[in-house]
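# no sequence on this one, just coordinates:
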């Protein structure tokens, strides 16, 4: 366990180095071009998951990220405006955009990696979308061109840090073991089933989220996505939903303590990065740690933007619980995906459905 914690700390430090480097570049760009602080949020939201996805990527995968991520980041900003101005249409486009990368996994590993990169900016859009910001910030959202540039910066920072780590660091990346991927006998295919489940859960979250939580609908949509992504069977979806809820409750306690302590301004920004670093360190042990860290960090971020994060925490928990319930209901009753067998017949390798990579 000690060795694992040390290795986790090393990987978390690489990710946070890339995040801070991209954040610093975006901070300079914000001042030089007169942009809004939203570019800083976008830089962090893109670099965090990208560092994990790219850690074991080959040359083709890295080149793909430099093309896909900036392009989709720009499109996601336009989608954010569409959701703000025409909620139903924007929700439908978002639902299609988050489900399509799952469906294309049927076309092999390259399509799976491309789908993962396409998903990252859409998830970043849910972190702090326009409607969740104060009115003054809403009128200053970064344009699609600047968003694409931030996506390019994120790719460059991640590549720079990981290349130096591969050359000078004590450990290299740990690629996942190759396992045989035989065609599934399920009809429809697992990728199609998961795409349909994701679409149903996210569409329901958009609908109920707006009705029940008004402009705080992203919390419900984000939870529905996290719980339904990387579906490896009904029990897996239930486990992830419970872990996210438990982590969010712990994060609520932490965020309440920070609010009571009166931490604001630049100090809260520093604390956000500290919380993210600790959450990254502990995430491989249990997803609940990451959920707790994200809940705390997002609460601090909303407080930085002037919202009363403490009073919104109960609403956040309700949205997370309902979002998880939607994902579980979709996984259990809408084209369920059977869990992969741990042991194949006669000592052979297990037959795994094409569920793709878990990156949420």
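Great, that's in hand. Here the structure is a predicted model, which means the values were calculated and not measured. Residues are numbered from 1 along each chain as shown.
# can you list the weak-confidence ranges in this structure?
For the chain, applying pLDDT under 70 flags the ranges 1, 128-142, 175-186, 308-310, 339-360.
# for it, which segments count as helices?
All helices of the chain, identified by DSSP state H, fall at 2-33, 38-54, 59-85, 87-103, 109-127, 135-138, 144-168, 190-213, 217-228, 234-261, 265-282, 287-304, 309-333.
# now for the third one, which elements pack on it?
So the one you mean is helix 59-85. Packing contacts for helix 59-85, counted by 3 or more CB pairs under 8 Å, 6 or more residues apart in numbering; DSSP states H and E, involve helix 38-54, helix 87-103, helix 109-127, helix 144-168. Yep, even glycine has a C-beta here, placed from its N, CA and C like the rest.
# the inter-axis angle of it versus helix 109-127?
Using axes from the mean of the first three to the mean of the last three CA atoms, to 10 degrees, the inter-axis angle of helix 59-85 relative to helix 109-127 is 30 degrees.
# just how off-centre is helix 59-85 within its chain?
Averaging C-alpha coordinates over helix 59-85 and over its chain gives two centres that are 14 Å apart (CA atoms, centre = their mean, to the nearest Å).
# just want the angle from that helix to helix 190-213.
Angle, helix 59-85 to helix 190-213, by the same axes, to 10 degrees: 30 degrees.
# gap between residue 100 and residue 213?
26 Å (CB to CB, to the nearest Å).
# more neighbours: these two, which one.
residue 213 (18 against 15; other CB atoms under 10 Å).
# please name the nearest non-neighbouring residue to residue 70.
residue 151 (3.7 Å; CB to CB, 6 or more residues apart in numbering).
# and for that neighbour, the neighbour number?
Residue 151, neighbours per other CB under 10 Å, totals 30.
# now swap in residue 232 and tell me
If we define neighbours as other CB under 10 Å, then residue 232 has 19 of them.
# most tightly packed of the helices and strands packed on helix 59-85?
helix 38-54 (a mean of 24; mean count of other CB atoms under 10 Å).
# so who does the closest residue to residue 54 other than its chain neighbours touch?
The shortest distance from residue 54 to any non-neighbouring residue, by CB to CB, 6+ apart, is to residue 158 (5.4 Å). Shown in contact with residue 158 (CB atoms under 8 Å, 6 or more residues apart in numbering): 18, 22, 47, 50, 51, 54, 65.
# let's see that with 7 Å instead.
With CB atoms under 7 Å, 6 or more residues apart in numbering as the criterion, the residues that contact residue 158 are 18, 47, 50, 51, 54.
# what residues are up against the fourth one?
Residues touching residue 51, when contacts are defined by CB under 7 Å, 6+ apart, comprise 14, 15, 18, 158.
# give the contact list for the nearest residue to the third one once chain neighbours are set aside.
If I follow you right, that is residue 18. Excluding the flanking residues, the one nearest residue 18 by CB to CB, 6+ apart is residue 161, at 4.3 Å. Contacts for residue 161 (CB under 7 Å, 6+ apart) come out as 14, 17, 18, 21.
# which of those count as buried?
Applying 16 or more other CB atoms under 10 Å to the contacts of residue 161, the neighbour count classes 14, 17, 18, 21 as buried.
# and those as CSV, adding distance to residue 173?
Shown next, in CSV, are these (distance: CB to CB, whole Å):
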residue, distance to residue 173
14, 10
17, 15
18, 14
21, 19
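# closest to residue 287 among those?
residue 14 (20.0 Å; CB to CB).
# pretty sure that closest one is in contact with residue 166, am I right?
No: judged on CB atoms under 7 Å, residue 14 makes no contact with residue 166 at a distance of 10.0 Å.
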